[in-house]
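Enquirer: okay, predicted coordinates and the sequence, questions at the end:
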Amino acid sequence: MAFASSAQAGITIPAGDWTVDIGGNVNAYYTNKSTDDIKASATYNGSSLGSADEAGTGYDDRNTIGTGLLPAAFGIGAKTRQNDLDIAFQFSFFTGTSAGQSTGAAAGGNNTLNIRQAFLTFGDASWGTIKAGRDLGIFGSDAILSDMTLLGVGVSAGGASAAGGSSTLGRIGSGYIYADWKGQMSYVSPNWNGFQVAAGVMEGFNNGQQDMGYEAKATYDFAANDVTGRVWLGGLTQKTEGATSYTSKGFDIGGKVSYQGFGLVGYYYDGEGLDSQANLKSSLDISTAAKAGASFTSLVGTGGLFNGTGFKTDDSGGYVQATFAVPGVGTKLGVSYGQSNSKGGVGIFTGEVQNESYIVGAYHPLTKSLNLVAEYTNQEITAKGTLASGGNSLTGKLSRESDTISLGAILFF
């Protein structure tokens, strides 16, 4: 469904020795987002600024029409067997459905095309498959592929904007680290009665391309009577050298199970140097921030992007999700909660950032290809710690809360 790891059969066309697969999706959602900046218990250069709710700038009723967590996509791949090898390739083109992509659309606005998949595979069922090219990473992949908001929007965007460019966040940054689309050389083992391992060498992110990243996971798929499910355990490591030198490393563990329309997902990750939660703007004028009520919009970047700060933070998080497909109707109702946490010193900030969200959704299959979607998301990001720059110091707790309502449809072909 998400063009995750191999050519997906949509429209199948025989072409000589090859079988060509064409598939993709188109989706669009109306999204309304309201955001409040809140300052609480802050002190500026040792003097109390008092405690206040909604002391910052509120952003009510930001509206957009655009894509959800899955960008609109068109994919083409092909496969064949030659010299006792299964060989295949995949190209997938992703784009948004809004004109302005992010914060502002203008007359004559345009869009961008993002080729997230361009890879080849070769192998055999007896010894496994090798992949070379750009595809979804290994670490965290099961977390995002198990997220119900793949059919919807989830967290709409960073900051107060409702627009998400060519993709919203789902629960990226509030439950898991984005697996991302990475250049890689990877291997997947044969399926041994439900058990498989995958491992790969990845292009390094945010490290000046000095060192490669390494990712691996083990999965076990099971089925007994009406119960099916999967459990997985993964790991990641990447060295970063520069102004600060450190090694990003982490593990994740998760599982999902389904029974007669009920579904349950549980996921947890932990590590160091993984997340961009505390990616504060180093050029922030502390004095200006204090006088303006320490507007949180000026302080925090988008969370959930791997190694996004260039600093070794302590990172952890996870999410739980429950779904139920209504018998006869087919409508899937879902609810989930997740959070991501980062602690440490990043530039001018020392402290902790917590990003949590609650999501409620309804996903109705109008046909086997077309789903209607309605979601409500509440997100709160809280920073506790000290900002110090130019001899000034701002200490306390800052938070931003957003409520997002999304209505739309997604069509797979």
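Expert: Cool, got the structure.

Enquirer: where does pLDDT dip in the stretch 101-250 of the chain?
Expert: Along the stretch 101-250 of the chain, segments meeting pLDDT under 70 span 101-110, 158-164, 208-209, 243.

Enquirer: low-confidence ranges in the stretch 251-400 of the chain?
Expert: Ranges of the stretch 251-400 of the chain meeting pLDDT under 70: 279-301.

Enquirer: strands of that one, start to end?
Expert: Secondary structure of the stretch 251-400 of the chain by DSSP state E, counting those that start in this stretch: the strands cover 262-272, 314-325, 332-346, 349-365, 370-389, 392-412.

Enquirer: can you tell me the closest non-neighbouring residue to the spatially most central residue of the chain?
Expert: Geometric centre of the chain, nearest residue: residue 172, 3.1 Å, by Cα atoms, centre = their mean. In this structure, residue 172 finds its nearest non-sequential neighbour in residue 304, 3.9 Å apart by Cβ to Cβ, 6 or more residues apart in numbering. Placement of C-beta: from N, CA and C, glycine included.

Enquirer: so the one you found is in contact with residue 180, correct?
Expert: No: if you go by Cβ atoms under 8 Å, residue 304 and residue 180 don't touch, sitting 9.7 Å apart.

Enquirer: looking at those two, which has the bigger crowd around it?
Expert: residue 304 (27 against 18; other Cβ atoms under 10 Å).

Enquirer: that one: what's it in contact with?
Expert: 169, 172-174, 176-178, 275-277, 340, 355 (Cβ atoms under 8 Å, 6 or more residues apart in numbering).

Enquirer: separation between the residue nearest to the centre of the chain and residue 156?
Expert: Going from residue 172 to residue 156 by Cβ to Cβ, to the nearest Å gives 12 Å.

Enquirer: ditto for residue 78
Expert: Relative to residue 156, residue 78 is positioned 36 Å away (Cβ to Cβ).

Enquirer: neighbour-wise, which of those two wins?
Expert: For residue 78 versus residue 156, neighbours defined as other Cβ under 10 Å are more numerous around residue 156 (28 against 18).

Enquirer: tell me the phi and psi of the more buried one?
Expert: Here is the backbone geometry of residue 156 (degrees, to the nearest 10): phi -80, psi -40.

Enquirer: my guess is it contacts residue 31. True?
Expert: Yes: the pair residue 156 / residue 31 is scored as a contact, 5.3 Å apart, by Cβ under 8 Å.

Enquirer: show me which strand runs longest in this structure.
Expert: For the chain, the strand with the greatest residue count under DSSP state E is strand 18-44.

Enquirer: tell me how far that one lies from the chain's centre.
Expert: Strand 18-44 sits 10 Å away from the centroid of its parent chain (Cα atoms, centre = their mean, to the nearest Å).

Enquirer: how far off strand 392-412 does it point, in degrees?
Expert: 150 degrees (axes from the mean of the first three to the mean of the last three Cα atoms, to 10 degrees).

Enquirer: now strand 18-44: average pLDDT?
Expert: When pLDDT is averaged over strand 18-44, the result is 86.

Enquirer: tell me which strands it pairs with, and in which orientation.
Expert: According to DSSP bridges, strand 18-44 has the following sheet partners: strand 11-15 (antiparallel), strand 47-48 (antiparallel), strand 59-66 (antiparallel), strand 72-82 (antiparallel), strand 392-412 (antiparallel).

Enquirer: could you identify which of these is most buried?
Expert: Most buried of those, by mean neighbour count (mean count of other Cβ atoms under 10 Å): strand 392-412, with a mean of 20.

Enquirer: can I get that strand in PDB, CA atoms only?
Expert: Extracted in PDB, the C-alpha atoms of strand 392-412 (Å, rounded to 0.1, in the frame of the first residue of the first chain):
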ATOM      1  CA  ASN A 392      20.700  36.400  28.400                       C
ATOM      2  CA  SER A 393      18.900  33.400  29.900                       C
ATOM      3  CA  LEU A 394      15.300  32.200  29.600                       C
ATOM      4  CA  THR A 395      14.300  29.300  31.800                       C
ATOM      5  CA  GLY A 396      10.900  27.600  32.200                       C
ATOM      6  CA  LYS A 397       8.300  25.700  30.300                       C
ATOM      7  CA  LEU A 398       6.900  26.500  26.900                       C
ATOM      8  CA  SER A 399       4.200  24.500  25.100                       C
ATOM      9  CA  ARG A 400       2.200  24.600  21.900                       C
ATOM     10  CA  GLU A 401      -1.100  22.800  21.500                       C
ATOM     11  CA  SER A 402      -2.900  22.200  18.200                       C
ATOM     12  CA  ASP A 403      -6.200  20.700  17.200                       C
ATOM     13  CA  THR A 404      -6.600  19.400  13.600                       C
ATOM     14  CA  ILE A 405      -9.700  18.100  11.800                       C
ATOM     15  CA  SER A 406      -9.300  16.400   8.400                       C
ATOM     16  CA  LEU A 407     -11.900  15.200   5.900                       C
ATOM     17  CA  GLY A 408     -11.100  13.700   2.500                       C
ATOM     18  CA  ALA A 409     -10.600  10.600   0.400                       C
ATOM     19  CA  ILE A 410      -7.800   8.400  -0.900                       C
ATOM     20  CA  LEU A 411      -8.000   6.300  -4.000                       C
ATOM     21  CA  PHE A 412      -5.600   3.400  -4.700                       C
END
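
Enquirer: circling back: using JSON lines, lay out the contacts of residue 304 together with distance to residue 93.
Expert: Below are the contacts of residue 304 laid out as JSON lines (distance: Cβ to Cβ, whole Å):
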{"residue": "169", "distance to residue 93": "21"}
{"residue": "172", "distance to residue 93": "21"}
{"residue": "173", "distance to residue 93": "25"}
{"residue": "174", "distance to residue 93": "28"}
{"residue": "176", "distance to residue 93": "25"}
{"residue": "177", "distance to residue 93": "25"}
{"residue": "178", "distance to residue 93": "20"}
{"residue": "275", "distance to residue 93": "29"}
{"residue": "276", "distance to residue 93": "26"}
{"residue": "277", "distance to residue 93": "31"}
{"residue": "340", "distance to residue 93": "30"}
{"residue": "355", "distance to residue 93": "30"}
